[in-house]
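S.K.: Starting from these lines, generate the structure:
(4 chains)
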Protein chains: 2
Amino acid sequence: MPQAQVRDVARLAGVSPGTVSNALNHPEKVSPSTRERILSAIAELGFVPNDAARQLRRGTNASIGMIVLDIANPFFTAVAGGVEAKLAEVGRPLVLANSGQDHAREIAYLDLFAEQRLSGVLVTPAGQVLDRLRRLRDRGTAIVVVDRKTGASEFSSVSVDDDLGGRLATQHLLDVGRRRIAFVGGPASLSQISHRIGAARRTVEEFGAGEIVHLDGPTLDVEAGRIGARRLLELPAAERPDAIFAANDLIALGALQALIMAGVRVPDDVAIVGYDDIEFAAAAAIPLTSVRQPAVAMGGAATTRLLDVIADPTGSTVEHIVLEPELVVRQSSSG
Amino acid sequence: MPQAQVRDVARLAGVSPGTVSNALNHPEKVSPSTRERILSAIAELGFVPNDAARQLRRGTNASIGMIVLDIANPFFTAVAGGVEAKLAEVGRPLVLANSGQDHAREIAYLDLFAEQRLSGVLVTPAGQVLDRLRRLRDRGTAIVVVDRKTGASEFSSVSVDDDLGGRLATQHLLDVGRRRIAFVGGPASLSQISHRIGAARRTVEEFGAGEIVHLDGPTLDVEAGRIGARRLLELPAAERPDAIFAANDLIALGALQALIMAGVRVPDDVAIVGYDDIEFAAAAAIPLTSVRQPAVAMGGAATTRLLDVIADPTGSTVEHIVLEPELVVRQSSSG
DNA sequence: CGCTCATATTGAAACGATTTAACGGCGGCG
DNA sequence: CGCCGCCGTTAAATCGTTTCAATATGAGCG
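M.R.: All right, here's what the predicted structure looks like:
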């Protein structure tokens, strides 16, 4: 079956290819009657414009790309939901990619996006990608960093105040009488993690009592939480923490599961505070205290910012939007 | 900043554009020394090939598209994970789109994929899209339906036996002495739903006792579960079901939450069985009995099938792969 | 009735890569 | 020593759409 193209549509409608293109892209330049005729020719032939040809000629791609750290984490799907909703308003498609915290895959997707000449990219970097981001930007792709402030701060970003979040969680644990707090989750090379830990350490210091132990790990999923909890259980009772501050809710849920299985009472023996407040935190075996991040709002704000950058490419306006997290206290820490 | 193109690379390396292209796409046709020279020219200029031009000339797009029903549902992200892993092996990029069970968005994405001439599409249809799928296939895009058998069965599919799943769940509830079973979740127009309900009805019939009540709803998320549970609580005590068979785990978790909040004892007053066995089912307030679907395996199988169809376009081989679900009994139904 | 001006349409160039047929140089073989 | 064939390279054609300058058409005005 031959694929119909503009030329065929033009012939059937008795006009030139240029007019067909105009009918589709600049309807006001075409008289209603010819437009009508062209549209029915298109329907009859089942013509579908070739996006590659259009893009090549136009020089731009309307799509927006997004690279998330972990598609299995409800927090990121919530962010993506916020992005998608905003993009739907302006009729731009979203291309979603999952780096899985793997630097190589992140690089591969960034390179793909570069080849595709996307008009904008939202990214939560997993590794060192400043050079690629610069190259992308230099080629005309708008970039907004999500859930992180880049070191060089040369790109606009939307993030949630990780220092505040770390402080809220730690202060709360101190308030309910905990003194040995294990921070579970990593890697510390992720700036979110280092900020949350840093804030936790500072809070303990200011408080004048207590300590933070970091149980690092390579990933941020449920399994990492189970592993972290087991490592914690191996410690001699005297050294065992009386609280866990988890890097995110997946880890908190995994740790919770492992602790319960081991007969540890939560929150009596070990209190737990998670991070993100995903939908499942409230429904956990022991409802999880968590630092709520405005995920959907973050996605929306990042998208708005990105569209602004696209609209005004000259704009050297770099903007860092920082949203505020909020502590939601539930049973896992209120003992 | 001017974007370097093959012509520039060619000039710098002292060869013709054709040779640059060969160096990139058919390295064996180019002598090692020139290839070396070309690669360093590419690096020096920061040349990034324009995918649109390449595609236009080649006539195909290596990317695979996937449309999921609900990106916020861990079940679908697990499926997507399986797909991504398989695609990574063959170096094809995945374009992930979320229909959100919205027919209009589903259509929009299918149209976009058609314009992009993707080589393959994995789709879990939300609405009536047979005509679009046919058009896509006729234009040379391979199609595999995921988590569903299409009515016309003209497309290959990978699904999980919903009849068996419905039977397993219902039989289990009957076995633990329940007789009034509420099926919560909809819409019934989704074939998964109708199969699971149908099997439930048949199981009750064969058993010779009990009944199924369907509490329909437009979506399959946590909120729908809460709403379903509330509707159930409004029934006079005599009519109130003693078990819930939820269309998926999100609904089960929402219902569980609402029931607990209302002081209903689970499983004593109302037993609950979910569907999917997502990662969070086991970590719920009352660990959830659920019909486990092999999500990752389904994604992998669908991808393998899709790649086969792409490799053999003439192949009129339509194949329907049906995987088996498995009941995982936990506390929410073992009373 | 002729001229101007706006509007609708046309034809051809252009986007940037890949491909293909043709070509030149070189070594091997007779 | 000359011809053949092979290898690496080149020049030009090509993919399918959009754009742009040029043209045709028709209306309005003096």
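S.K.: any idea which helix or strand carries the closest residue to A:R202 other than its chain neighbours?
M.R.: Leaving aside its sequence neighbours, A:R202 sits nearest to A:R167 (Cβ to Cβ, 6 or more residues apart in numbering or on different chains; 7.5 Å). Quick note: C-beta positions are derived from backbone N, CA and C, even for glycine. Using DSSP states H and E, A:R167 maps to helix A:162-175.
S.K.: What lies in contact with whatever helix or strand A:R202 lives in?
M.R.: For A:R202, the host element (DSSP H and E) is helix A:191-207. Residues from elsewhere that reach helix A:191-207 (Cβ atoms under 8 Å, 6 or more residues apart in numbering or on different chains): A:147-149, A:151, A:162-167, A:169-171, A:174, A:181, A:183, A:185-188, A:210-212, A:214, A:245, A:247, A:275.
S.K.: Determine the set of other helices and strands touching the helix holding A:R167.
M.R.: Here helix A:162-175 touches helix A:191-207, strand A:243-246, strand A:271-276, strand A:289-292, strand A:326-328, going by 3 or more Cβ pairs under 8 Å, 6 or more residues apart in numbering or on different chains; DSSP states H and E.
S.K.: helix or strand right after it?
M.R.: Sequence-wise, the next helix or strand downstream of helix A:162-175 (DSSP H and E) is strand A:180-184.
S.K.: Following the chain past the helix holding A:R202, name the next helix or strand.
M.R.: strand A:211-215.
S.K.: Name the residues of the next helix-or-strand element following that following strand that are buried.
M.R.: Of the helices and strands lying after strand A:211-215 in sequence (DSSP H and E), the nearest is helix A:222-233. Under the neighbour-count criterion of 16 or more other Cβ atoms under 10 Å in any protein chain shown, helix A:222-233 has A:222, A:224-229, A:232-233 buried.
S.K.: Report all helices and strands that helix A:222-233 contacts.
M.R.: For helix A:222-233, the packing partners by 3+ Cβ pairs under 8 Å, 6+ apart come out as strand A:180-184, strand A:211-215, strand A:243-246, helix A:249-261.
S.K.: So which of the ones you listed is the most surrounded?
M.R.: Among these, strand A:243-246 has the highest mean neighbour count (mean count of other Cβ atoms under 10 Å in any protein chain shown), at a mean of 30.
S.K.: Is that strand positioned near chain B?
M.R.: No - using Cβ under 8 Å from any Cβ of the partner chain, strand A:243-246 stays clear of chain B, coming no nearer than 13.0 Å.
S.K.: Take the helices and strands packed on helix A:222-233 and write them to CSV, including distance to B:L130 and mean pLDDT.
M.R.: Output for those, formatted as CSV (distance: least, Cβ to Cβ, whole Å; pLDDT from 0 to 100):
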stretch, distance to B:L130, mean pLDDT
strand A:180-184, 49, 96
strand A:211-215, 52, 92
strand A:243-246, 46, 96
helix A:249-261, 38, 93
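S.K.: Distance to DNA strand D added to these, as TSV?
M.R.: Listed next are those as TSV, based on distance: least, Cβ to the nearest atom of the strand, whole Å:
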stretch	distance to DNA strand D
strand A:180-184	53
strand A:211-215	55
strand A:243-246	50
helix A:249-261	44
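S.K.: Just put those in a markdown table and tack on distance to A:T289.
M.R.: As requested, the helices and strands packed on helix A:222-233 are arranged in a markdown table below (distance: least, Cβ to Cβ, whole Å):
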| stretch | distance to A:T289 |
| --- | --- |
| strand A:180-184 | 13 |
| strand A:211-215 | 17 |
| strand A:243-246 | 10 |
| helix A:249-261 | 9 |
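S.K.: Quick one: closest of these to B:D102.
M.R.: For B:D102, the closest of those is helix A:249-261, at 27.4 Å, according to Cβ to Cβ.
S.K.: separation between the residue nearest to A:R202 and A:E319?
M.R.: Distance of A:R167 to A:E319, given as Cβ to Cβ, to the nearest Å: 24 Å.
S.K.: between these two, who's got more neighbours?
M.R.: Legend: neighbour count by other Cβ atoms under 10 Å in any protein chain shown for A:R167 and A:E319, higher for A:R167 (21 against 13).
S.K.: Run through the residues that contact the more buried one.
M.R.: Counting by Cβ under 8 Å, 6+ apart, A:R167 has contacts A:199-200, A:202-203.
S.K.: same check, this time on A:K149
M.R.: A:157, A:159, A:191, A:320, A:322.
S.K.: which among these end up buried?
M.R.: Among those, the ones that count as buried (16+ other Cβ under 10 Å) are A:157, A:159, A:191.
S.K.: nearest to DNA strand D, of these?
M.R.: Lowest distance from DNA strand D to these (Cβ to the nearest atom of the strand) belongs to A:S157, with 31.9 Å.
S.K.: Please identify the helix or strand for A:A108.
M.R.: Judged by DSSP H and E, A:A108 forms part of helix A:103-116.
S.K.: Can you give me the buried ones in that helix?
M.R.: Result for helix A:103-116 [16+ other Cβ under 10 Å]: buried residues A:105-110, A:112-116.
S.K.: Let's have those in TSV, adding distance to B:G120.
M.R.: Below are those laid out as TSV (distance: Cβ to Cβ, whole Å):
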residue	distance to B:G120
A:R105	20
A:E106	24
A:I107	24
A:A108	19
A:Y109	18
A:L110	23
A:L112	16
A:F113	20
A:A114	23
A:E115	19
A:Q116	17
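S.K.: circling back: do the helix holding A:A108 and DNA strand C meet at all?
M.R.: No - with Cβ under 7 Å from any atom of the strand as the criterion, DNA strand C is not reached by helix A:103-116; the gap is at least 8.9 Å.
S.K.: From the chain's centroid, how far away is that helix?
M.R.: Remark: helix A:103-116 is offset 16 Å from the chain centroid, using Cα atoms, centre = their mean, to the nearest Å.
S.K.: can you check stretch A:182-189 too?
M.R.: The answer for stretch A:182-189 is 19 Å, by Cα atoms, centre = their mean.
S.K.: Over to stretch A:241-252?
M.R.: With Cα atoms, centre = their mean as the basis, stretch A:241-252 stands 20 Å off its chain's centre.
S.K.: and that stretch, C-alpha only, in CSV?
M.R.: Taking Å, rounded to 0.1, in the frame of the first residue of the first chain, the C-alpha atoms of stretch A:241-252 are listed here in CSV:
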residue,chain,number,x,y,z
PRO,A,241,19.4,3.7,66.2
ASP,A,242,16.0,4.5,67.6
ALA,A,243,14.8,6.3,64.5
ILE,A,244,15.1,6.1,60.7
PHE,A,245,15.0,9.1,58.4
ALA,A,246,14.5,7.5,55.0
ALA,A,247,15.7,9.2,51.8
ASN,A,248,12.3,8.6,50.3
ASP,A,249,9.1,6.7,51.0
LEU,A,250,10.1,3.6,49.0
ILE,A,251,13.0,3.1,51.3
ALA,A,252,10.9,3.9,54.3
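S.K.: Spell out which residues of the stretch 1-150 of chain A are next to DNA strand C.
M.R.: Selection of the stretch 1-150 of chain A residues close to DNA strand C by Cβ under 7 Å from any atom of the strand yields A:14-19, A:22, A:29-31, A:33-34, A:53, A:56-57, A:59.
S.K.: No further questions, thank you.
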